[in-house]
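In: need the 3D shape of this:
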Amino acid sequence: KDRTEMIEEYDLKTHELLLRKLKTPREFGESDWIYEVGEPQAKFNPDNDIMAPSSKNPVFIRKDTDKHFQWRVRNLPYEKANFDVSIDHEKQQIVIRTANKKYYKRIDVTDLKKSSLSLDTDLLSWDHQHNTLIVSYAKPNEVLIEEHQLKQAFKKQGAKSSEGDVECKQQ
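Out: Numbering: from 1, shown residues only. This is a model prediction of the structure:
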């Protein structure tokens, strides 16, 4: 109805969600893809591009596991005690902040919003290791059931086990 495009990529063997990106149409010009899960491929071309983003900047990506929604923030070289990860119950967002005010991020859990579920502090956990902050939120039973049904649908379709097996008609 709203002409939003969504692309999801799954691992053919494990049916794990690798990428989810959305594009909402604009009145003028082409809109950019918004990545919910996974990250865009690097597009820097040293022959044409003058500058590239610093490799030391924090990199935020979502990478879910079977039982958790998970976000990773790479390139955060601070001590674990410097981080505060909490839930803003009013806005229904996970909030990451550092005591030294060097990093701040609000995370929308779109999968829970789609299912009209609220965030629960007991399901939130986090760790910091190797300059990477890993924030995990345990998937509620409703989400796990929905994902199980989706995996069953994949099995019924009988997806082929290797890439490139799709039949394409030649002209």
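In: so Lys139 sits against Lys67, correct?
Out: Yes. Under the criterion of CB atoms under 8 Å, Lys139 is in contact with Lys67, at a separation of 5.9 Å. (Each C-beta comes from the backbone N, C-alpha and C, glycine too.)
In: of the two, who's got more company?
Out: Lys139 (22 against 12; other CB atoms under 10 Å).
In: residue contacts, that one?
Out: Contact partners of Lys139, counting by CB atoms under 8 Å, 6 or more residues apart in numbering, are Lys67, His68, Phe69, Asp111, Glu147.
In: and it, how far is that from Trp71?
Out: Lys139 sits 13 Å away from Trp71, taking CB to CB, to the nearest Å as the criterion.
In: and if you look at Ile134?
Out: Taking CB to CB as the measure, Ile134 and Trp71 are separated by 8 Å.
In: of these two, give the one with the bigger neighbour count.
Out: With other CB under 10 Å as the criterion, Ile134 and Trp71 differ in neighbour count, and Trp71 comes out ahead with 23 against 18.
In: and Ile145, how far is that from Lys139?
Out: Separation of Ile145 from Lys139 (CB to CB) stands at 10 Å.
In: what does Ala153 give?
Out: In this structure, Ala153 and Lys139 are separated by 18 Å, where distance is defined by CB to CB.
In: please apply the same query to Phe69.
Out: Computed as CB to CB, the Phe69 to Lys139 distance reads 6 Å.
In: okay, and the common contacts of those two?
Out: Counting by CB under 8 Å, 6+ apart, the contacts common to Phe69 and Lys139 are Asp111.
In: give the buried residues for stretch 10-17.
Out: Within stretch 10-17, the residues scored as buried using 16 or more other CB atoms under 10 Å are Tyr10, His15, Leu17.
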